[in-house]
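**Q** generate a structure from the sequence data that follows.
(one chain, ligands or ions: 1)
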Amino acid sequence: MVLVEPSHPGNIGAAARAMRTMCLDTLVLVRPARFPHADARARASGALDVLETARVTDSLDDALHGCTLVAGTSARLRALGPPVLTPRDCAARLRQAPATADVALLFGRERTGLTNEEVARCHFLIQIPANPDYSSLNLAAAVQVLAYELFLARDVAAPLTTDGEPSPATEEEMQGLYSHLESAAVASGFLDPQQPKYLMRRLRHLFNRAQPDQREINILRGLLNALQQGKRG
Ligand code: SAH
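**A** Numbering: from 1, shown residues only. The predicted structure is shown next:
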C-alpha cells in the first residue's frame with residue numbers, strides 16, 4: 001500500500017491498523033506531511049509494527065521501485081484514464097498475477113487525490129462503489145476496503161506458476177522505455193518538445209494495457225536503438 005503525500009498522521013496510523021487486520025504489512029509513504037507522529041501511533045493501536053517498518057520516500061519513483069503492477073485508487077473517474085475496476089475485481093485480478101509480480105496500490109492525498117501524472121503510472125484504477133452524491137471515503141477507510149477485498153480473495157485461488165515465463169517488466173524498465181521513446185520521438189521530429197500535448201501519457205496508457213514483459217521491453221529498446229543508429233548512419 002502506497003500513500004501519496006498523506007497530510008494527516010492519524011490517517012497513516014488508521015491505514016496501518018486497517019492493513020494489520022487484513023494481514024498486509026508493507027506500507028510506503030511518499031512525502032508524508034508529518035511522520036512519525038503521536039497521532040499516527042495512537043490511531044495504529046496494536047499495529048505499531050506496520051508503522052515502524054513503513055518506508056518513507058521522497059518520490060513516487062522510489063516508492064514504485066521494483067513494482068511490476070501499479071493500481072491507483074480514485075473516487076473520481078478521469079478523462080483519458082486507465083481501465084476502472086471495483087475492489088473485488090481488482091482483488092480477483094491480482095490473484096491471477098504471476099507470483100513474481102510486486103504490486104503497488106496507490107492512495108491519493110486527502111484533499112486532492114492522485115494527480116493525472118500519477119494516474120498515468122497505473123495499469124488500472126480502482127473505484128470503490130459509493131453514493132454518487134458523496135463518493136469520497138476517508139483515506140484510511142479506502143485502505144480498509146481494499147485490504148479487506150485482498151484478504152477475502154487471498155485463499156480462493158492459488159497464484160499461477162511462472163516457470164520459464166519471462167518476468168513482468170519493472171517500473172524502472174517501463175520508465176527506461178518511456179524515456180527512450182520520448183528522446184527518439186523528439187530526435188525524429190515526431191514530437192515537438194515545446195508542444196508535447198498528450199503523446200507520452202497516451203503511450204503510457206497503451207503500454208500499461210499491454211503489460212509487456214522484460215523480453216518485450218528489450219525488443220522495443222533494441223528496435224529503437226537500431227532505428228536511431230540507422231538514422232545517424
Ligand atoms: N477529493 C479527492 C478525494 C481524495 S480521498 C478526490 O476527488 O480524489 C483520499 C484517497 O482515498 C483517494 O485519493 C483514494 O486513494 C481514496 N478513496 C477515497 N474514496 C474512494 C473511492 N470511492 N474509491 C476509491 N478510492 C477512494
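**Q** near the ligand, which residues of the protein?
**A** Taking CB under 6 Å from any ligand atom as the contact definition, the chain meets the ligand at 73-76, 107-108, 110, 112-114, 126-128, 130, 135-137, 139, 142. From N, CA and C alone the C-beta is placed, and that goes for glycine too.
**Q** so which of the residues you listed belong to helices?
**A** When these are checked against helices (DSSP state H), the matches are 139, 142.
**Q** from the residues of the chain next to the ligand, which would you call buried?
**A** Buried members of these, scored by 16 or more other CB atoms under 10 Å, are 73-74, 107-108, 110, 113-114, 126-128, 136, 139, 142.
**Q** list just the nearest of those to residue 100.
**A** When those are compared for distance to residue 100 (CB to CB), residue 126 comes out closest, at 21.8 Å.
**Q** the residue nearest to the spatial centre of the chain: what secondary structure?
**A** Central residue check for the chain by CA atoms, centre = their mean: the C-alpha nearest the mean position is that of residue 70, 2.9 Å away. Secondary structure, DSSP: H, G, I helix; E, B strand; the rest coil: residue 70 is strand.
**Q** quick one: contacts for it?
**A** Counting by CB atoms under 8 Å, 6 or more residues apart in numbering, residue 70 makes contact with 64, 103, 104, 106, 121, 122, 123, 171.
**Q** and the residues you listed, which two are the farthest apart?
**A** 103 and 121 (13.2 Å).
**Q** between those two, who's got more neighbours?
**A** Using other CB atoms under 10 Å, the more surrounded residue of residue 103 and residue 121 is residue 121, with 22 against 17.
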